[in-house]
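Undergrad: Sequence plus predicted model, see below.
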Amino acid sequence: MGKLERIAEKLRSGRRNRGSNRFGDGNWGTGDRKYDNRRSTAERLKKDLLREYNGTDLLSETDFELVSTEYGETLHLEESVDQAFDPPNTTSADILSDLKLVYGIGSVREKELKEQGFETVTDLMDHDKWGEEAQSVQSAFQGKLTDAYYLLRRWKSLSHPSFLKLSGLFDRQQFAIVDIETLGLSNQPVFLLGLAHPHGSGIVVHQFLAEDLDQELATLMNFTRHLEEREVIVTYNGKNFDIPYIERRLGYYGERKKFSHPHLDLYLFTRKVIGERTRNCKLGTIERSILGVKRELDVPSSRVPDFYSTYRKDKNPGPLMPILAHNRQDLLSLADLYRELVEEALNGNK
Amino acid sequence: MEISRIVESLKKQDWYEGQIEHLELLPERKAEYGRADFDRRIKDFLERRGLDLFSHQSRAINLIREGKDVIITTPTASGKTLAFNVPVLDRMLEDSDSRALYIYPTKALSQDQLETIKDMEVELGLNLEPRVYDGDTPRERRPGIRKRSRIVLTNPYGLHHYLEWHHKWKDFFRNLDFVIMDEVHSYRGVFGSNVALLVRRMERIFDHYGSDPQFVLSSATIANPLEHSRKLVGREFSLVSEDSSFRGRKKFLFWNPLTNPDNSAHNQTSKLMAHFVNHDLQTLCFTLSRRLAELISEWCSGRTDQPVRAYRAGYRPEERREIEKGLRTGEIRGVSATNALELGVDIGGLDAVIISGYPGTITSSWQQAGRAGRGRNDSLVVLVGFENPLDQFFLNHPREFFDRDHEHAIVDLDNPNITMGHLACAATELPINDEEELGQKYSDEIKALIDKDVLLDTPNGSVFSGTYRASEAVKLDNINETTVKIIHNGELLETMDLAQAYREAHENATLLHQGKTYIVKDLDLEQGVAEVRWKEVDYFTQAISESSLEITEKLAEKKTGGVAVSFGKVSVSEHYSHYKEKKYDRVLDVHPLELPPLEFDTECSWFHVPESILTSVEKKGLGARGGLHAIEHAMIALTPFYAMCDRWDIGGFSSRDPLEEGGSIFIYDAYEGGIGIAEEVYELLDDLLERTYELLLDCDCEEGCPSCIYSPKCGNDNDPLDKQAAIYILRELGKRFDY
């Protein structure tokens, strides 16, 4: 190996220069037993998969199709799933019966006003004090739904149940559930984007996959095209992670994009509503305790970059399989979770 | 009292035995003034403050306003800061979108300069929201600074990580008109080369946003300012180097403590300091170590009734601010400090500066001496030479000091150990589309990165394909980041790095902090915490270490004329085996230490000197060990010119085999894992040995001097050294290497 190759090899492993060897050993174990255990289980799973899928190729083992776009080639998969996704049957009147939508009105004032006979925001439009504000709320709900969303955003935090109720005003076909898989947590490439949207009585799951990282841009653009056909985004921690991450990667390639869709980040609702009942708010925990979902042979999120890297290196689709299944299940679980949260919001607390 | 009278009274002290070896009179220099053109409001401000522009300032301002890239190398306190703040603020007044980036080598300097800018801003009625943006900036403040601050101050370590998020700095970069880099003489050797590549990455991003800012560099005096600036930034600079500020008369004394052997150099330093402080001279003493800074101030305090403080990098920022302020206002009459106070922090000018021990470079010496001089008054500088032959040489040959060239700052843009990491980082910032994107052709390096799957070639350029963060895999320097916290009563007293903790915070060590003594009760290396208890003691501890080097893997070997030359991996360790309890200079007791050795693994080149040569050296009555040691030093002095590094980037070791099987000389990289210098030495060893031989032959000195075999960082105090033995050995080697 020449000198340059040796240096590149050092960089490849990302081994950081450490100080005294007393503090970091550069070896395998981290000392965190749980982490190390999960890692060794994952290693075994990876080995089994490599063996099982040895000699096969991705396109023949899955339903992915190669698509040519102006940004290059990318892989795309579409699957119909018999799963419900039901926004609540909200009417404008339902929403507008919450007088607290009007800036300045809290629970106490609302009670007073309702006792005086003002049942909805519409009723308040001629009120001396609240008329003006009530009118702007009303007109927002008469215009584009996204306007209503942004109006609500001004007074309410994103975890407020009224957003769940508001989502019922949108047509179910307008929803896009989104979840991505990346090679890291900050600026590393995105290789898989999942988008699920209701169709007919079920859900259609799309997966946009970069066969290798040179397809990242084409994959991102293909995903973007599909996302722009919908009006509402549903994610789990997507407000802070998934969506900004996608925008960042697009920016890296010189494509400036800002997604301005109304965004239902189910993590925010979960944390508020269900969070106390479970050990933590990780999607996996919520799945098990609330949704009753159990995943077989799942790959932990922390091992995803490593599995994809192995697939890239060996061109063996084995390690990629559980990632695809994981991503698919994430999307379906979110559909379930949405239903649970809507129920809580409608029947539960105010 | 007048300085000459104070010096005379010094000679009358009972401990004076002719220590003053030399007195150099640096004459008064009248100021020369100049004119420059800029906004009326700034002119009014300068007038209000009574600030006339020196001609070097006005020259710099004019060049900058002409759109040139400028490097200013006038000394500290010559008003360099104003020379770049004026054109920057002038532009800010003219263009309400204009932005400027100020880069400092340390966080402390950023904070200090922020105050200066805020002050000017208020006076000019501007609202620029100048802010420091670095590791200490709270998360929630960052978006606001990126968006609204028109002047941002930061450091290379932070920038190295922020560039990946350049889209968050879009507005800032688009409107960037100036990049100011201060103290750029610090950016040399491996660290400097890393910074140079960081600058290339930055320029690439500026280009992406369509901006082309001017660069203004400020530096201490170095031998090669134009070359250095060109290497750092990749442009041709205009040089402003003549200092036209006023300089009062300066008396520069050379003090040799050896003439009074009953008093150690450190003791004499503290006595000098006390003498000056008691005669109402505000005095700053530079010491070679943090511990000495504490000791000197402690001993001095015992002899004065004026407040005398210590100052070092490990203090909390509030403490440092307080001392800096005290110096400026004159309330604090004496400070003993490490070279942390060498860099441009504003402390005003002092009446006297004591340089306790030659600081290692001419550049540093003049930086330190430059702190003396207040207004029109005379000032005093005293260089206290230690027993080290290097110091003694200067004391005995003052012209060698005063006429000596400043050091060269060396930057290497071709070392792949450095450049390839930055290419990977650049790829995370923007896809690499052109092999010349970082200033010069790196085609082979990019190809190797693609071959090893660090980069992936795509139709959109070469992208980074790793799963980790590239900027975390690339370190800018070799400073060990592990810090140990010193805790007293549950509160943080100060911090130190690991090596320092071994030396000064081992169990039962006495730790001095601002004149108070503490005993270390417990050092927990895993947690990085040392617990101390305040206790008044009249002794202090000093840890003793042994260095050793162990070859762990030989990677290459060649034989030239029967002499084995090797390259491979080594483990260098420093073992603190015991500590002494001392009272002033007397050793009271010695205790063993149970500390693991401080090790780091690196790469090294070494060669073997056959026994036959060493035997004949000894037959001639010369010292074999001294000869090997001298050759080691001389080679280290020359390596920077062969391997494009700084002499602090490498280390050396020499040994005579105890079983009488010849001797070995080792040259290793001072960077964990190696950085390519020792590798270069392996390739060029023949040339290097020949040049070393020539150096020693040509050198006029008899026993040795700083130009040949005296090293400023020898762990053995430049002992034993035998120049004649070295020449003999090199001649014999020459027969085998054929030079």
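TA: Noted; the coordinates are in hand. Remember, it's a predicted structure, so these values are computed and weren't measured experimentally. Numbers count the residues shown, from 1 in each chain, chains lettered A, B, ... in the order given.

Undergrad: Residue B:91 and residue B:151 touch, don't they?
TA: No: under the criterion of C-beta atoms under 8 Å, residue B:91 makes no contact with residue B:151, lying 10.8 Å away. C-beta here means a position set from N, CA and C on the backbone, and glycine is covered the same way.

Undergrad: shared neighbours of these two, which are they?
TA: Counting by C-beta atoms under 8 Å, 6 or more residues apart in numbering or on different chains, the residues touching both residue B:91 and residue B:151 are residue B:100.

Undergrad: What segments of the stretch 201-350 of chain A are helices?
TA: Using DSSP state H, counting those that start in this stretch, the helices found in the stretch 201-350 of chain A span residues A:216-227, A:242-252, A:266-273, A:283-286, A:304-314, A:320-347.

Undergrad: Identify the residues contacting residue B:552.
TA: The contact partners of residue B:552, by C-beta under 8 Å, 6+ apart, come to B:568, B:569, B:570, B:571, B:601.

Undergrad: which SS class is it?
TA: Of the three states, residue B:552 takes strand according to DSSP: H, G, I helix; E, B strand; the rest coil.

Undergrad: That one and residue B:162, how far apart?
TA: Noted for residue B:552: a distance of 37 Å to residue B:162, by C-beta to C-beta, to the nearest Å.

Undergrad: Confirm for me that residue A:295 is in contact with residue A:327.
TA: No: the pair residue A:295 / residue A:327 is not scored as a contact, 11.7 Å apart, by C-beta under 8 Å.

Undergrad: Between those two, which has more neighbouring residues?
TA: Applying other C-beta atoms under 10 Å in any protein chain shown to residue A:295 and residue A:327 shows that residue A:327 carries more neighbours, namely 20 against 15.

Undergrad: Quick check: that one vs chain B, distance?
TA: Distance of residue A:327 to chain B, computed by C-beta to the nearest C-beta, to the nearest Å: 17 Å.

Undergrad: thinking that residue is in contact with residue A:209, fair?
TA: No: the pair residue A:327 and residue A:209 does not pass the contact test of C-beta under 8 Å, sitting 9.2 Å apart.

Undergrad: Return every residue with contacts to both of the two.
TA: Overlap between the contact sets of residue A:327 and residue A:209, as judged by C-beta under 8 Å, 6+ apart, is given by residue A:192.

Undergrad: Now do stretch A:247-261: everything it contacts.
TA: Residues external to stretch A:247-261 that are found in contact with it (C-beta under 8 Å, 6+ apart): A:146, A:176, A:187, A:189-190, A:216-217, A:220-221, A:224, A:227, A:230-233, A:243, A:246, B:167, B:430-431, B:460, B:463.

Undergrad: Just the buried ones from the residues you listed?
TA: Buried residues within these, counting neighbours by 16 or more other C-beta atoms under 10 Å in any protein chain shown: A:176, A:187, A:189-190, A:216-217, A:220-221, A:224, A:227, A:230-233, A:243, A:246, B:167, B:430-431, B:460, B:463.

Undergrad: quick one on the thing from earlier: who has more neighbours out of residue B:91 and residue B:151?
TA: A direct count of neighbours by other C-beta under 10 Å for residue B:91 and residue B:151 places residue B:151 higher, at 25 against 20.

Undergrad: OK, contacts around the nearest residue in space to that one that is not next to it in sequence?
TA: By the measure of C-beta to C-beta, 6 or more residues apart in numbering or on different chains, the closest residue to residue B:151 outside its immediate chain neighbours is residue B:130, 3.9 Å from it. Residue B:130 is in contact with B:114, B:117, B:118, B:121, B:149, B:150, B:151, B:152, B:153, counting by C-beta under 8 Å, 6+ apart.
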